[in-house]
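> Predicted structure and sequence below. I'll ask about it afterward.
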Amino acid sequence: MDFLQPTTWAEALEAKAAHPDAVAVAGGTDVMVGINFGHLRPSLLMDLTRVEDLQEWSIEDGAVRLGAGVSYARVIAELGTQLPGLAMASRTIGSPQIRNRGTVGGNLATASPAGDAHPALLAADAQVEVASVRGSRRIPVPDFYTGVKRNAMDADELITAVLVVPPSGPQQYSKIGTRNAMVISVAAFGLALHPDRRAVGTGIGSAAPTPRRAPAAEQFLADELTGTGLWESRAELPAATAGRFGELVADAASPIDDVRGSARYRLHALSVMACRALTWAWADYRTDTGKEV
Amino acid sequence: MRLICTVNGTQQQVDDVWEGESLLYVLRERMGLPGSKNACEQGECGSCTVLLDGLPVCACLVAAGQAEARQVETVEGMADGGALDPVQQAFLDAGAVQCGFCTPGLLVSTRDLLQRSGRPSDAETREALAGNLCRCTGYEKILDAVRLAADRLAQSGTGGHR
């Protein structure tokens, strides 16, 4: 095994082009587990923690440009206002030690259906910026996940950043596990209300081969809120609407039975989480009257 | 490959490090610092918690080369010669140590917590120590030890924000 420690992004991309089978490591919370257990023996291990550009976030064209190497701890500490859903998801991840090392870029690279950042990124309509020596491109996050632990990147590409537009409305995140810390989610759900464009965003985790949205639930809720004038009135949300939204979210999932939970439980959990997340988000929206939409 | 980093204030150089090796392995097997414990090797248990450039991390998940030129602090760096760190003394006095395997990681995490937040609430303590598993104590004595250490550090004026 070779170990490479590029200090510039250009150097990292050159190395990835020359060694497409190289494995990039940032926080090591997935890659080092694979190496420690003998499941992963890359010919080249490329440490990205010395590439400074990846460790920064900035505001670019009204969106947060989150460098792939920014840790969850920093998302929580620095981006709670701009990326509330992702910050909520980040708080549920692992432990302080894991949040100090793990990165959103790493979560995307691993592309596990159970990755905690994914539902929040889906709900917020994030884009993933990937690059190679051939150039860079942006992939809408729903198109990024292509299978269990597979993503849309070519072999010579690396993740540069995630782009997320700051919210125009409340966001929520819910995750079920067997305890509060150090759990792989049994099921997770992310929600974003986008009152500026009268739209709803959703993200489902651990309940399908990939993280995915629930488009029918999004459309149902957006139509309900528009049709009944609730976006403007901010009146109480009918319980039946929240309940139906929860059912439609569960309908979008296709979970399996595994050691963490049964498919049946996951579907039930998703409908409850979606209903609750919407109830919380709507309560936030009703009290957030200062924001013009 | 060669690795040079600073451990507990002393520059260390080790050779013939395997590129896939963890910082934990380097500390224990190459630098003669077995205080950080090797249990789960997947970041679940916190027994290998060290500070890397001042942040608590699981040493088992840090690739050795990622520690190049960095500052590492382990449990071996806590005592000042024969004098225990107040956190170590509090763990002894409160009976927070049973089999002892989780203790080094808990000491490092607790010391970090008390340096950031002088008088943490129990909820803050539980959150800060959520990545350190103990299978013996049931955690109550550990919470006692954290409170005792916080009290003593506050009285001596050596805790609080860094």
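Nice, thanks for sending it over.

> for chain B, what's the longest helix?
helix B:140-156 (DSSP state H).

> Buried residues in that one, which are they?
Buried residues in helix B:140-156, counted by 16 or more other CB atoms under 10 Å in any protein chain shown: B:141-150, B:152-153. Placement of C-beta: from N, CA and C, glycine included.

> Generate JSON lines for the residues you listed, with distance to chain A and pLDDT as supplementary columns.
Below are the buried residues of helix B:140-156 laid out as JSON lines (distance: CB to the nearest CB, whole Å; pLDDT from 0 to 100):
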{"residue": "B:K141", "distance to chain A": "19", "pLDDT": "98"}
{"residue": "B:I142", "distance to chain A": "15", "pLDDT": "98"}
{"residue": "B:L143", "distance to chain A": "15", "pLDDT": "98"}
{"residue": "B:D144", "distance to chain A": "20", "pLDDT": "98"}
{"residue": "B:A145", "distance to chain A": "18", "pLDDT": "98"}
{"residue": "B:V146", "distance to chain A": "14", "pLDDT": "98"}
{"residue": "B:R147", "distance to chain A": "19", "pLDDT": "98"}
{"residue": "B:L148", "distance to chain A": "21", "pLDDT": "98"}
{"residue": "B:A149", "distance to chain A": "18", "pLDDT": "98"}
{"residue": "B:A150", "distance to chain A": "17", "pLDDT": "98"}
{"residue": "B:R152", "distance to chain A": "23", "pLDDT": "97"}
{"residue": "B:L153", "distance to chain A": "20", "pLDDT": "96"}
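
> Including distance to B:Q71, could those residues go into TSV?
Shown next, in TSV, are these (distance: CB to CB, whole Å):
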residue	distance to B:Q71
B:K141	31
B:I142	27
B:L143	29
B:D144	31
B:A145	26
B:V146	25
B:R147	29
B:L148	28
B:A149	23
B:A150	25
B:R152	26
B:L153	22
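
> between those residues, which is nearest B:A123?
Nearest to B:A123 among these: B:L143, at 10.7 Å, using CB to CB.

> Quickly note the distance from the closest one to B:T110.
10 Å (CB to CB, to the nearest Å).

> ok, which stretches of the chain are helices?
Since no chain was named, I'll use chain A. Going by DSSP H, chain A shows helices at A:9-18, A:31-36, A:72-78, A:84-91, A:96-101, A:104-110, A:117-123, A:141-144, A:215-227, A:230-233, A:239-252, A:263-287.

> Wait, chain B was what I had in mind.
Going by DSSP H, chain B shows helices at B:23-25, B:86-93, B:103-116, B:122-128, B:140-156.

> With distance to A:W57 added, can I get these in TSV?
Putting the helices of chain B into TSV (distance: least, CB to CB, whole Å) gives the following:
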stretch	distance to A:W57
helix B:23-25	26
helix B:86-93	34
helix B:103-116	22
helix B:122-128	24
helix B:140-156	33
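
> How about the contacts made by the closest residue to chain B within chain A?
Distance from chain B to each residue of chain A (CB to the nearest CB) is smallest for A:S95, at 2.3 Å. Contacts were defined as CB atoms under 8 Å, 6 or more residues apart in numbering or on different chains; by that measure A:S95 touches A:181-182, B:43, B:46, B:130-132.

> now, among these, which is nearest to A:R41?
B:G43 (19.4 Å).

> can you count the residues close to that closest one?
Neighbours of B:G43 under the rule other CB atoms under 10 Å in any protein chain shown: 27.

> where are the low-confidence patches of chain B?
B:158-162 (pLDDT under 70).

> Who are the contact partners of the closest residue to A:V104 other than its chain neighbours?
Computed as CB to CB, 6 or more residues apart in numbering or on different chains, the closest residue to A:V104 that is not its neighbour in sequence is A:A117, at 5.0 Å. If a contact means CB under 8 Å, 6+ apart, then A:A117 has A:86, A:89-90, A:93, A:104, A:107-108 as its contacts.

> need these in a markdown table with pLDDT and neighbour count, can you?
Formatted as a markdown table, the contacts of A:A117 follow (pLDDT from 0 to 100; neighbours: other CB atoms under 10 Å in any protein chain shown):
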| residue | pLDDT | neighbour count |
| --- | --- | --- |
| A:L86 | 98 | 30 |
| A:A89 | 98 | 32 |
| A:S90 | 98 | 27 |
| A:I93 | 97 | 23 |
| A:V104 | 98 | 34 |
| A:N107 | 98 | 27 |
| A:L108 | 98 | 26 |
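
> Tell me the one among those nearest to B:E29.
Among these, and counting by CB to CB, the member closest to B:E29 is A:I93, at 29.8 Å.

> tell me, what residue is most central in chain A?
Closest to where the C-alpha atoms of chain A average out (CA atoms, centre = their mean) is A:H118, at 2.3 Å.

> thought that residue was touching A:Y145?
Yes. Using CB atoms under 8 Å, A:H118 makes contact with A:Y145 at a distance of 7.1 Å.

> between these two, what contacts are shared?
A:P211.

> Quick one: name the residues of chain A near chain B.
A:1-3, A:5, A:25, A:27-29, A:31-33, A:35-37, A:41, A:45, A:47, A:49, A:73, A:94-98, A:100-101, A:180-182 (CB under 8 Å from any CB of the partner chain).

> Quick one, which of the residues you listed are buried?
Buried among the residues of chain A next to chain B by 16+ other CB under 10 Å: A:3, A:5, A:25, A:27-29, A:31-33, A:35-36, A:45, A:47, A:49, A:73, A:94-98, A:100-101, A:181-182.

> Give the full set of residues in contact with the nearest residue to A:D125 once chain neighbours are set aside.
Counting by CB to CB, 6+ apart, A:G201 is the residue found nearest to A:D125 once chain neighbours are left out, at 5.8 Å. A:G201 sits next to A:122-125, A:190-194, A:213, A:218 when contact means CB under 8 Å, 6+ apart.

> Among these, which ones are in strands?
A:190-194 (DSSP state E).

> I'd like those as CSV, with neighbour count and pLDDT appended.
Listed next are these as CSV, based on neighbours: other CB atoms under 10 Å in any protein chain shown; pLDDT from 0 to 100:
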residue, neighbour count, pLDDT
A:G190, 32, 98
A:L191, 33, 98
A:A192, 29, 98
A:L193, 27, 98
A:H194, 20, 98
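
> before we move on, the earlier item: excluding chain neighbours, give the residue nearest to the residue nearest to the centre of chain A in space.
In space, A:H118 is closest to A:P211, 3.5 Å off (CB to CB, 6+ apart).

> how much space between the closest residue to B:I142 other than its chain neighbours and B:C136?
Spatial nearest neighbour of B:I142, excluding adjacent residues (CB to CB, 6+ apart): B:A96 at 4.6 Å. Using CB to CB, B:A96 is found at 10 Å from B:C136.
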